[in-house]
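*Asks:* any chance you can model this:
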Amino acid sequence: MAATPQNPAAATPRRKVSRHRGEGQWAAGHHTPLNGNEQFKKDDDGLNVRTRIETIYSKRGFDSIDPNDLRGRMRWWGLYTQRKPGIDGGKTAILEPEELDDKYFMLRVRIDGGRLTTQQLRVIGEISQEFARGSADVTDRQNIQLHWIRIEDVPEIWNRLEAVGLSTTEACGDCPRVVIGSPVAGIAEDEIIDGTSAIDEIHDRYIGSHEFSNLPRKFKTAISGSPLLDVVHEINDIAFVGVEHPEHGPGFDLWVGGGLSTNPKLGVRLGAWVPLDEVPEVWAGVVGIFRDWGYRRLRTRARLKFLVADWGAEKFRQVLEDDYLGRKLVDGPAPAEPAGRWRDHVGVHRQKDGRFYVGFAPRVGRVDGATLTKIAEVAEAHGSGRVRTTVEQKMIVLDVEEAQVEPLVEALEALDLTAKPSPFRRGTMACTGIEYCKLAIVETKARGSQLIDELERRIPEFDEPITINLNGCPNACARIQVADIGLKGQLVLNDQGEQVEGYQVHLGGALGLEAGFGRKVRGLKVTSDELPDYVERVLKRFQKEREDGERFAAWASRASEEALS
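*Replies:* Alright, predicted model coming up:
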């Protein structure tokens, strides 16, 4: 029957034809932006916003800033708007960005390899005191973050940082973030290989370059030749891990695709050995794959770990070799088990030149500008001109003569910066939390510091390595999934049925030896007020039930849910 206006059912149905847009992979020809982030990056490179900050925004003030610069491109220069004070965690996911934004910024100072001179540290401390209300946090990626920064002051801050060889270039944003490295590279007695020259070359050739300034999302790098495996290599997008090749000597084992957040994945070995002088080229090849083949359609799948998971190690290595390097890589061995239980370099250690380095522990990375300048002064007074930051929110003074070690330790103690911390002071880490972060739901820094005090008072005899990581939201900036006790901030109900700050508990995560993610016990959540009681209870059960030499992570993986509750 022919189709007529009176008989539309007789017409052949018309199928809606839509072209599959893929995952937004450039190498597959998908260049059309599929979300707002990709659109603003296409409209203008994030690196270009510096000119507008210097010539427009710093002169006209906060209200003159274009929204795509404010919540997008300014990250390429280390600037995030911070959380407006007084907004509780229950409103974090409800309010619009402009309602959460304060008119002040967090500014992240990029410190590749954690390397600072005392002059540089003093300048950061002075900037903190003059422009940031004294705020300063040492991060778990070796950077230092300042808060309360006004847009009007940013050009002057940049001038002062750059005058001493520091910058905020690509400290945030969809680009190569800080390259973390062993804080004792080049000085440790037991070092397999010193990766410093590779870190420098990557920084000088690629950071601030338009070649890699528009990636699908952030890209995290770790390079270390320490047998302590001291740069959490398993959770970076790319990591070069020091190994001794039986034929070629010292070099690096190549790992790709690690990352945490709400969908954690451990990095995978490509089975390739990379000599020191080829590290920058191989690094650029992996970043190139991420730029060209990374998933740009959904922000939640825009990290390299998802591409590696889909391709597998064999295909990823093949594409790297055939399409980006034009040559085969040498097969190589896996790293040995870490040489120690602690990987933070805290304490007094001999350098290969006969001098000593002294690692010390701030409280959960929280310091202040005055303390930073005092650390510089103390280091210089005891013969050192170099300090380091670590990926455990700790700091190190290098190049100390033996006669100066104890006076330095005492001077640090006077600043509440102990080189002989309890396991709780040494092993507790916290993210920024609700005090400044727009994503956070709960407080973390003060809570972590209070927890340290309570545990030191309640269990003074506890002497096992233990990591307790507090995170203000599910995004895992404080690495909750790979801690002995990981605490993910959320709102929970107390005994009176009231919604209060608290944490979901992860138990038994680890990196290095037997790396894996922590176990979640069904329904196991604690309020912030209950946290010291809970941690004390679990640690005492561990002390009672552990087998000889058993680590907390191993015990937690086999313990009953009752023992962990």
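
*Asks:* what comes up buried for stretch 39-50?
*Replies:* By 16 or more other Cβ atoms under 10 Å, the buried positions in stretch 39-50 come out as 40, 41, 46, 47, 49, 50. C-beta coordinates here come from the backbone N, C-alpha and C atoms, glycine included.

*Asks:* any idea which of those residues is closest to residue 311?
*Replies:* Closest approach to residue 311 among the buried residues of stretch 39-50 (Cβ to Cβ): residue 41, at 23.9 Å.

*Asks:* okay, which residue is most central for the chain?
*Replies:* residue 141 (4.5 Å; Cα atoms, centre = their mean).

*Asks:* residue contacts, that one?
*Replies:* 177, 178, 180, 220, 391 (Cβ atoms under 8 Å, 6 or more residues apart in numbering).

*Asks:* closest one of those residues to residue 415?
*Replies:* Distances from residue 415 to the contacts of residue 141, taken by Cβ to Cβ, are shortest for residue 391, at 21.8 Å.

*Asks:* using the three-state scheme, assign that closest one.
*Replies:* coil (DSSP: H, G, I helix; E, B strand; the rest coil).

*Asks:* got phi/psi on it?
*Replies:* phi -80, psi 0 (degrees, to the nearest 10).

*Asks:* what distance do you get for it to residue 139?
*Replies:* 9 Å (Cβ to Cβ, to the nearest Å).

*Asks:* follow-up on the earlier one: inside helices: which ones of the buried residues of stretch 39-50?
*Replies:* Of those, the ones assigned to helices by DSSP state H are 40, 41, 49, 50.

*Asks:* want to try a markdown table for those, with distance to residue 456 and pLDDT as columns?
*Replies:* Formatted as a markdown table, these follow (distance: Cβ to Cβ, whole Å; pLDDT from 0 to 100):
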| residue | distance to residue 456 | pLDDT |
| --- | --- | --- |
| 40 | 48 | 97 |
| 41 | 47 | 98 |
| 49 | 45 | 98 |
| 50 | 45 | 98 |
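
*Asks:* can the residues you listed go into CSV with extra columns for distance to residue 452?
*Replies:* What follows is those, written out as CSV (distance: Cβ to Cβ, whole Å):
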residue, distance to residue 452
40, 41
41, 41
49, 39
50, 39
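
*Asks:* looking at those, which is nearest residue 172?
*Replies:* residue 49 (11.8 Å).

*Asks:* okay, residue 391 and residue 139: which has more neighbours?
*Replies:* Using other Cβ atoms under 10 Å as the criterion, residue 391 and residue 139 rank with residue 391 on top: 25 against 22.

*Asks:* wait, that one touches residue 233, no?
*Replies:* No. The criterion here is Cβ atoms under 8 Å, and residue 391 misses it with residue 233 at 10.0 Å.

*Asks:* circling back: and of the buried residues of stretch 39-50, the nearest to residue 541?
*Replies:* Nearest to residue 541 among the buried residues of stretch 39-50, with distances taken as Cβ to Cβ, is residue 46, at 49.2 Å.

*Asks:* quick check: the closest one touching residue 73?
*Replies:* Yes. Under the criterion of Cβ under 8 Å, residue 46 makes contact with residue 73 at 4.2 Å.

*Asks:* intersection of neighbour lists for those two?
*Replies:* Joint contacts of residue 46 and residue 73 (Cβ under 8 Å, 6+ apart) are residue 173.

*Asks:* in the helix or strand harbouring residue 123, which residues are buried?
*Replies:* Applying DSSP states H and E as the criterion places residue 123 in helix 118-131. Under the neighbour-count criterion of 16+ other Cβ under 10 Å, helix 118-131 has 118, 120, 121, 122, 123, 124, 125, 126, 127, 128, 129, 131 buried.

*Asks:* for the first one, give me its contacts.
*Replies:* Translated: residue 118. Taking Cβ under 8 Å, 6+ apart, we find residue 118 in contact with 376, 377, 379, 380, 384, 385, 386, 387.
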